[in-house]
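>>> sequence and computational prediction follow.
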Amino acid sequence: MIIFPAIMIELRHLKALVAVAETGNLSKAGKRLNLSQPALSHQMRALEEHVGAELFQRKSSPLKLSPAGDRLLTTAYQVEKLIMQSERDLARIAEGKAGQLRIAVECHSCFDWLMPSMDAFREGWPEVEMDLVSGFQPDPVGLLNEDLADLVIVSSARPRPGIVYHPLFRYEVLALVAKNHPYATKAFLTARDFAKQTLVTYPIPDDRIDVIREVLRPANIDPPRRRTELTVAILQLVASHRAIAAMPGWAVQPFLDRNYVASRPIRKNGLFANLYAATTAERAASVYMTEFLDTMRRISFSSLKGIELAE
């Protein structure tokens, strides 16, 4: 009598294996896949029962693959590549054209992960014309309806007719001060702490600056201001005691790692924000747009510290 295995290896199992292998952590992998940790653990156990071998060295941190896990991971990447290539070929047949992807960026500090995402995407879609929409945009989402952009990276998802927001990730906005600033020893900063400090920001409208919109404006606090387009210029002003700033933790992590500036939470429970990719409903249906969104999420979660699934 032939006894068949209880499960078959499915695409979801391979995706779960890739996520755990790349993050080295069940919790982080679950967030990437939008699965609870118990659900992901169950998938991994079922997969191990099917192959008859442990896939991970359980006592390692981060998790490391066993020889069996390494072999199956190679298969997972191969299957993933074949499926993506098939989807691209079908999209080319169905759409009958190469397409274009013009990207506008509201967030000045997004380029560290956006550029690698574009490079990775070009490997599979070399015929898609990609471009960055340069210059300050007072209404970046409006570029979509004007057919001046195909995708916009934004920090708020205000409902607009015909616009679809795709969550990328959630992150903490940190207060940045000089490493020997008196505020560097505080447990967290309040709105009042900003009152007599010069606040340096990017040159964008106040309603698109989280600390102003969510913290300072409700407290009727309007500190002295400086503006600059360059992240390094902001950090230099902070390091030299000429200003303080509030920026995404992931965007300044290399400078924090080098102890160039210090960071503190904003408010007792922190200040958190989400990042979204906005498209029109029509463009969202494109296969290559779907793949680019997936690529951005994959690259950001594999390269940025402290980010979570967007709410």
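Happy to help now that I have it.
>>> now Gln253: closest residue in space that isn't a chain neighbour?
Using CB to CB, 6 or more residues apart in numbering and skipping residues adjacent in sequence, the residue nearest Gln253 is Lys305, 5.0 Å away. (Each C-beta comes from the backbone N, C-alpha and C, glycine too.)
>>> the one you found falls within a helix, correct?
No. Looking at Lys305 with DSSP: H, G, I helix; E, B strand; the rest coil, it is coil, so not inside a helix.
>>> got the buried residues for stretch 142-154?
Neighbour counts over stretch 142-154 (16 or more other CB atoms under 10 Å) mark Leu143, Leu144, Ala149, Asp150, Leu151, Val152, Ile153, Val154 as buried.
>>> by contact count, what packs against the host helix or strand of Ala16?
Element membership of Ala16, judged by DSSP states H and E, is helix 11-23. Judged by 3 or more CB pairs under 8 Å, 6 or more residues apart in numbering; DSSP states H and E, the packing partners of helix 11-23 are helix 26-33, helix 37-51, helix 67-95, helix 287-303.
>>> tell me the angle the third one makes with helix 11-23.
Note on geometry: by axes from the mean of the first three to the mean of the last three CA atoms, to 10 degrees, helix 67-95 and helix 11-23 are set 120 degrees apart in direction.
>>> please apply the same query to the shortest one.
Counting by the same axes, to 10 degrees, helix 26-33 lies at 130 degrees to helix 11-23.
>>> just the angle between the helix or strand of the chain with the lowest mean pLDDT and helix 287-303, please?
The helix or strand of the chain with the poorest confidence is helix 67-95; it has a mean of 78 (mean pLDDT, DSSP states H and E). Orientation check (the same axes, to 10 degrees): helix 67-95 against helix 287-303 gives 150 degrees.
>>> name the next helix or strand downstream of helix 67-95, please.
strand 100-105.
>>> picking that back up, what helices or strands is the least confident helix or strand of the chain leaning on?
Using 3+ CB pairs under 8 Å, 6+ apart: helix 67-95 touches helix 11-23, helix 37-51, helix 111-124, helix 287-303.
>>> sorry, back to before: quick one: residues contacting the residue nearest to Gln253.
Taking CB atoms under 8 Å, 6 or more residues apart in numbering, we find Lys305 in contact with Gly249, Trp250, Gln253.
>>> quick revisit: so which of the buried residues of stretch 142-154 sit within helices?
Taking DSSP state H as the definition of helices, the buried residues of stretch 142-154 contribute Leu143, Leu144.
>>> spatially, which two of the buried residues of stretch 142-154 are the most separated?
Maximum pairwise distance among the buried residues of stretch 142-154 (CB to CB): 13.8 Å, between Asp150 and Val154.
>>> quick one: the helices in the stretch 151-300 of the chain, in order.
Along the stretch 151-300 of the chain, counting by DSSP state H, counting those that start in this stretch, helices occupy 210-211, 231-239, 249-257, 281-284, 287-303.
>>> Ser66: which of these is closest?
The nearest among these, by CB to CB, is helix 287-303 at 21.5 Å.
>>> list the buried residues of that closest one.
287-289, 291-293, 295-301.
>>> same for that helix, what does it pack against?
By 3+ CB pairs under 8 Å, 6+ apart, helix 287-303 packs against helix 11-23, helix 26-33, helix 67-95, strand 100-105, helix 111-124, strand 163-177, strand 271-280.
>>> closest to Gly270 out of the helices of the stretch 151-300 of the chain?
helix 249-257 (9.8 Å).
>>> now the angle from that closest one to strand 163-177?
On the basis of the same axes, to 10 degrees, helix 249-257 is oriented at 30 degrees to strand 163-177.
>>> now helix 249-257 - C-alpha only, PDB.
C-alpha atoms of helix 249-257 as PDB (Å, rounded to 0.1, in the frame of the first residue of the first chain):
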ATOM      1  CA  GLY A 249      14.300  56.100  12.300                       C
ATOM      2  CA  TRP A 250      15.100  53.800   9.300                       C
ATOM      3  CA  ALA A 251      16.300  56.900   7.300                       C
ATOM      4  CA  VAL A 252      18.900  57.900   9.800                       C
ATOM      5  CA  GLN A 253      19.900  54.500  11.300                       C
ATOM      6  CA  PRO A 254      23.400  54.600   9.800                       C
ATOM      7  CA  PHE A 255      24.100  57.900  11.500                       C
ATOM      8  CA  LEU A 256      22.700  56.600  14.800                       C
ATOM      9  CA  ASP A 257      24.900  53.500  14.500                       C
END
